[in-house]
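Q: Could you look at this predicted model? Sequence included:
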Amino acid sequence: MATAHTGPVVPPSNDRAPRQLEDLAVLGGRPAFVQPRHVGRPNIGDRAQLHARIEGALERGWLANDGPLIAEFEDRVCDLVAAEHCVAVSSATVGLQLVARALDLTGEIVMPSFTFIGTAHAFTWLGLTPVFVDIDPATHNVDPAAVEAAITKSTSAIVGVHVWGRWCDVDALEAIADRHGVPLILDAAHALATTDRGRLVGAGGRAEVFSFHATKVAGAGEGGAITTDDGELAHRLRRMKNFGFAGYDRVVSGGTNAKMPEFSAALGLTSLDALDEFVALNLRNHDRYAHGLAGLPGVRLVEFEPGERHNWQYVVAEIDEPGLRDALVTVLHGERVLARRYFAPGCHLMEPYGREGAVRLPATEAVADRVLVLPTGTSISEDDIDTICAIIRLAVEHHEHLLDRLAP
Ligand SMILES: Cc1ncc(COP(=O)(O)O)c(C=O)c1O
């Protein structure tokens, strides 16, 4: 749920912060940052430990095909997500595809449009047809009633996405999936080490798929993890990620190469070692933004349910004034703050899906027009956040003038 922040307004304590509109780089001033500030940069952890793991893999001469680092990585993920089985893969996108193949999906997949395009592309690439449905604008997660309304005879699965790491309504989606006899798959790319009503994510639906991309709270460079309580499914996924091999040279099914290499597992394990630290830093960053943007009209930070465990890997602002979100992106990029407009305009309006008279999804489109994702993670300092907040504050407080100045 997005809530307004109240509380004292902090004056910018930073020299780099622009003080008047003319100081903004887009209006001829000097950019606030020399080096770009990204929404997500790799959270590495203890480099000595990383080097030791890589050295170990080199010594063993075992760099791929389920080495000891992969086994350790899978065990660690299982503990973190409270699922019985974890299958490490080369990305979340490929993980979603493996699940689709392992479940023999055909025809249509009902899924939210408000997600990273990779969720949709994963299925389309296999010849499946995504049927996009709307979200609840309060949570940014898929609306179960819209899912049920979109189910047809051709539906072969429902896909839920835990957007920003907030659980989608898994109970409702599971009930719909059961009623219609189709599997539920969960894209948990954002949701590592989070809870829903006290339960760790990872064992919902038939399978959940986490991303360990370099920009995620814990990263493996590239990587993904499929988690499930279904041992038979895990077994099939393991074979399919390795060309369908069941033994040394026996092939029993179709498959692909979706294996995570040992070096990625080394990165993944090292970042998991420091996960608590990363989450604490993300929370500190979130609170700093909340403080810095407090009281700013029409600007709300997305907040998460109190009492739940959260990874705070995204700082998401919603900007109410039409056109102002895009102006803020222009202004921030000018200052070398690479804020993002996730997932605008919504998958249903993006190529190739929007080509032939796309459906209209009012909540998705409205949220996609409002969302501004801000830099966080270990590479962002409190000082950086003060500067970014000062830029946003200046732009929002003078938005009428700013929009005039930026008009083509
Ligand atoms: C919601 C969502 N799903 C899937 C993906 C794809 O993950 P990967 O890059 O590991 O393939 C991402 C990546 O950011 C994502 O945000």
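A: That came in fine, so what should we check first?
Q: only C-alpha atoms for contact and neighbour calcs from this point on.
A: OK.
Q: Where does pLDDT dip in the stretch 251-400 of the chain?
A: For the stretch 251-400 of the chain, applying pLDDT under 70 flags the ranges 356-358.
Q: and if we set it to 90?
A: The stretch 251-400 of the chain contains residues with pLDDT under 90 at 306, 322, 354-359.
Q: Do a quick rundown of the helices in it.
A: 262-273, 275-292, 324-334, 362-370, 382-397, 399-406 (DSSP state H, counting those that start in this stretch).
Q: what's the burial count for the closest residue to the ligand within the stretch 151-300 of the chain?
A: Nearest residue of the stretch 151-300 of the chain to the ligand (CA to the nearest ligand atom) works out as Ser211 at 4.0 Å. By the measure other CA atoms under 10 Å, the count of residues near Ser211 is 28.
Q: name the element Arg76 belongs to?
A: According to DSSP states H and E, Arg76 maps onto helix 68-81.
Q: quick revisit: can you pull the contacts of the residue of the stretch 151-300 of the chain closest to the ligand?
A: Contact analysis of Ser211 by CA atoms under 8 Å, 6 or more residues apart in numbering lists 91-92, 188-190, 219, 223-225.
Q: Give me every residue in the stretch 251-400 of the chain lying close to the ligand.
A: The stretch 251-400 of the chain comes close to the ligand at no residue, as judged by CA under 6 Å from any ligand atom.
Q: related to what we said a few turns ago, name the surrounding residues that touch the helix holding Arg76.
A: 57, 84-88, 192-193, 200-203, 225, 227, 260-262, 265-266, 268-269.
Q: Reformat the helices of the stretch 251-400 of the chain as JSON lines; add mean neighbour count.
A: Shown next, in JSON lines, are these (neighbours: other CA atoms under 10 Å):
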{"stretch": "helix 262-273", "mean neighbour count": "26"}
{"stretch": "helix 275-292", "mean neighbour count": "20"}
{"stretch": "helix 324-334", "mean neighbour count": "20"}
{"stretch": "helix 362-370", "mean neighbour count": "21"}
{"stretch": "helix 382-397", "mean neighbour count": "22"}
{"stretch": "helix 399-406", "mean neighbour count": "14"}
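Q: In TSV, list those along with distance to Phe33.
A: Formatted as TSV, these follow (distance: least, CA to CA, whole Å):
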stretch	distance to Phe33
helix 262-273	27
helix 275-292	17
helix 324-334	9
helix 362-370	25
helix 382-397	9
helix 399-406	20
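Q: quick one: which of those is nearest Pro36?
A: helix 324-334 (8.6 Å; CA to CA).
Q: Buried residues, stretch 177-195. List them.
A: For stretch 177-195, the neighbour count (16 or more other CA atoms under 10 Å) marks 177, 180, 182-195 as buried.
Q: near the ligand, which of the residues you listed show up?
A: 187, 189.
Q: Which single one of the buried residues of stretch 177-195 is nearest to Glu400?
A: His190 (35.2 Å).
Q: Quick check, that closest one in contact with Val163.
A: Yes. Under the criterion of CA atoms under 8 Å, His190 makes contact with Val163 at 6.5 Å.
Q: circling back to that earlier point, and the buried residues of stretch 177-195, which two are the farthest apart?
A: Top of the distance list for the buried residues of stretch 177-195 (CA to CA): His180 and Ala193, 30.1 Å.
Q: what's the domain layout of this protein?
A: 2-41+274-339+375-406, 47-273 (automatic domain parsing).
Q: Figure out which of the ones you listed is closest to Pro352.
A: Pro352 lies closest to domain 47-273 among the domains of the chain, at 9.3 Å (CA to CA).
Q: Give me the distance between the closest one and the centre of its chain.
A: 12 Å (CA atoms, centre = their mean, to the nearest Å).
Q: measure it end to end?
A: 11 Å (CA to CA, to the nearest Å).
Q: Now do Val170, the pLDDT please.
A: pLDDT, Val170: 96.
Q: scratch that, Arg405
A: 89.
Q: so what's Leu406 closest to, chain neighbours aside?
A: Leaving aside its sequence neighbours, Leu406 sits nearest to Ala327 (CA to CA, 6 or more residues apart in numbering; 7.5 Å).
Q: ok, the one you found - contacts?
A: 402-403, 406.
Q: Okay, it and the ligand: tell me how far apart.
A: From Ala327 over to the ligand the distance is 24 Å, taken as CA to the nearest ligand atom, to the nearest Å.
Q: Which residues of the stretch 101-250 of the chain lie near the ligand?
A: Counting by CA under 6 Å from any ligand atom, the stretch 101-250 of the chain sits next to the ligand at 115-116, 118-119, 187, 189, 211-213, 223-224.
Q: Go ahead and build a ChimeraX selection from the buried members of the residues you listed.
A: Buried residues within those, by 16+ other CA under 10 Å, are selected in ChimeraX with:
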select :115,116,119,187,189,211,212,213,223,224
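Q: Take the residues of the stretch 101-250 of the chain next to the ligand and keep only those in helices.
A: 118-119 (DSSP state H).
Q: Of all pairs in the residues of the stretch 101-250 of the chain next to the ligand, which one is the farthest apart?
A: Thr115 and Gly223 (18.5 Å).
Q: Now do the buried residues in stretch 112-125.
A: 112-117, 119-124.
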